[in-house]
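> Got a predicted structure plus its sequence, pasted below:
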Amino acid sequence: MADQAERLRAIIRKRNSTKVAAKGKGSRVITVASGKGGVGKTNLVVNMAIIMGQLGHKIVILDTDLGMANTDILLNLKPVYTLIDVIQGQKDLQDVLLQGPHNVEVLPGGSCLPDIVNLDSQQREKLISRLSYLDREENILLVDCAAGLSRDVLSFVASADDLVLVTTPEPTAITNAYGIIKVVNNYRLKPKVNIVINMVRHARDGEAIYRRISNVCRNFLSIDINYLGSIEFDQYVHRAVLNCYPYALQFPRSRATMLTREIARRLLYGEEGPAAKKGERFLRRLFTIWNTGSGG
Ligand SMILES: Nc1ncnc2c1ncn2[C@@H]1O[C@H](COP(=O)(O)OP(=O)(O)O)[C@@H](O)[C@H]1O
Ligand SMILES: [Mg+2]
C-alpha cells in the first residue's frame, strides 16, 4: 500500500514537472469514472456521445474497461478487432474503430487483458503512437472507465481535460464516489470534479445529494465540485439496454434523454466547456504517466 502511494506520488511529481510544448491543440478528453460499478457510466457515455454527435461534434468513445468492455454492446456494434489487437501491434486503429450512429466512433476495449499500465514499455509506446490518430482538435474523446481507481483509471483521470464522476443516491455509491474525490484531491489530479447523479427519483433530488457531497468536500478537501446534473431512474433506459440500442435514439423524448441532453450541453457549452481546456496534449501526459508509474 505504501509502495503504491509512493508510486502515485512519483506519477504526480513527474506530471507536474514535465513541461511539454503543446504542438497545437489535441482533442478534448473527458474521462467518465465512478467509485462503484453499475451506476450507469457506460449508458451515460454512449448516450452523451450520441447527443453530442447530433449537435455536430465528432465523438470517439474509448472503452478502457478491459475487464467488462461493453460500449459496443449498447450500440449493437460487433467488433471484429479490439484495443487488444492494437496493443499487440497486430492492427492499426483504423481497422479497429467502429462506426456508430451520428458521428460516434467506438474503440472497443475487448476483455481479459492485463492492466494497460502493466504492459511492457514497448507495447505502451505502440499503443500511444496508434492512439495519436485520434488526438485531433475536432474530436471529443469520451473515456469509459472501469469502476474504482485502478492505476489505469488514475492515469486516464490525470491525463484528461475533464473528469465526470457518476454516482447514484445509494449511500455505498456516494461513499465510494467520495473516496475517488479524496484521491483526486490528495494527488492534485484535477482541480475540479464534475458530478452526475444517476437513477434519482426526481431530478431535483440530485441537487440535494450534490450539495451534501459538496459540503463535505468544502469542509475537508480543497477541490471544486461542479454539479453537471442528474438523470432520473427511467424504465426506458432499461428497455433500451435490453434492445442493445441507446435510449437517446430509441426514446428521444424520455426523461432520461432530456436530462442527459442537459448534462451534455453543460459539458460542451458550460463553464467547463472548451475554454477550460489546457494546452498540454492528452497522449503526451498519458505517456509520461504510464512510463513513470510502472517502471516497465
Ligand atoms: N437512469 C437510469 N434509469 C434506469 N436504469 C438505469 C439508469 N442508468 C443505468 N441503468 C441501469 O443500470 C445498468 C448498469 O448501467 P451501466 O451503464 O452498464 O453501468 P456502469 O457502466 O457504471 O457499470 C444498466 O443496464 C441499466 O439497466
Ligand atoms: Mg460500464
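It's in. Ligands and ions are numbered 1, 2, ... in the order given.
> Quick check: the residue in the chain positioned nearest to ligand 2 vs residue 219, distance?
Closest residue of the chain to ligand 2, C-beta to the ion: residue 42 (3.3 Å). Backbone N, C-alpha and C define where each C-beta goes, glycine included. From residue 42 across to residue 219, the span is 32 Å (C-beta to C-beta, to the nearest Å).
> more neighbours, these two?
residue 42 (24 against 7; other C-beta atoms under 10 Å).
> and the more buried one, what does it touch?
Residue 42 makes contacts with 65, 70-71, 74, 144, as judged by C-beta atoms under 8 Å, 6 or more residues apart in numbering.
> give me the subset of the residues you listed touching ligand 2.
Residues of those in contact with ligand 2 (C-beta under 5 Å from the ion): none.
> now for the longest helix belonging to the chain, which elements pack on it?
With secondary structure taken from DSSP state H, the chain has its longest helix at helix 203-220. Here helix 203-220 touches helix 171-186, strand 192-200, strand 224-232, going by 3 or more C-beta pairs under 8 Å, 6 or more residues apart in numbering; DSSP states H and E.
> Could you check it and say which residues are buried?
203, 206-207, 209-210, 213-214, 217 (16 or more other C-beta atoms under 10 Å).
> What are the contacting residues of the helix or strand that contains residue 124?
Using DSSP states H and E, residue 124 falls within helix 121-131. Taking contacts as C-beta under 8 Å, 6+ apart, the residues outside helix 121-131 that touch it are 86-89, 92-93, 116-117, 119, 283, 286-287, 290-291, 296.
> Which PyMOL command selects the buried ones in the residues you listed?
The following PyMOL line selects those of the contacts of helix 121-131 that are buried, judged by 16+ other C-beta under 10 Å:
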select buried, resi 86+87+93+116+117+119+283+286+287+290+291
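> what's the closest of the contacts of helix 121-131 to residue 158?
Residue 158 lies nearest to residue 286 out of the contacts of helix 121-131, by C-beta to C-beta, at 8.3 Å.
> For the longest helix of the chain, output the C-alpha coordinates as PDB.
The C-alpha trace of helix 203-220 is given here as PDB (Å, rounded to 0.1, in the frame of the first residue of the first chain):
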ATOM      1  CA  ALA A 203     -34.200  15.400 -11.000                       C
ATOM      2  CA  ARG A 204     -34.400  17.900  -8.100                       C
ATOM      3  CA  ASP A 205     -33.300  15.200  -5.600                       C
ATOM      4  CA  GLY A 206     -30.000  15.100  -7.400                       C
ATOM      5  CA  GLU A 207     -29.100  18.700  -6.400                       C
ATOM      6  CA  ALA A 208     -29.600  18.000  -2.700                       C
ATOM      7  CA  ILE A 209     -27.300  15.000  -3.000                       C
ATOM      8  CA  TYR A 210     -24.800  17.000  -4.800                       C
ATOM      9  CA  ARG A 211     -25.000  19.700  -2.100                       C
ATOM     10  CA  ARG A 212     -24.300  17.100   0.600                       C
ATOM     11  CA  ILE A 213     -21.200  15.800  -1.200                       C
ATOM     12  CA  SER A 214     -20.000  19.300  -2.000                       C
ATOM     13  CA  ASN A 215     -20.400  20.500   1.700                       C
ATOM     14  CA  VAL A 216     -18.300  17.600   3.000                       C
ATOM     15  CA  CYS A 217     -15.700  18.300   0.300                       C
ATOM     16  CA  ARG A 218     -15.700  22.000   1.300                       C
ATOM     17  CA  ASN A 219     -15.100  21.200   4.900                       C
ATOM     18  CA  PHE A 220     -12.400  18.600   4.400                       C
END
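> Many thanks, I have nothing further to ask.
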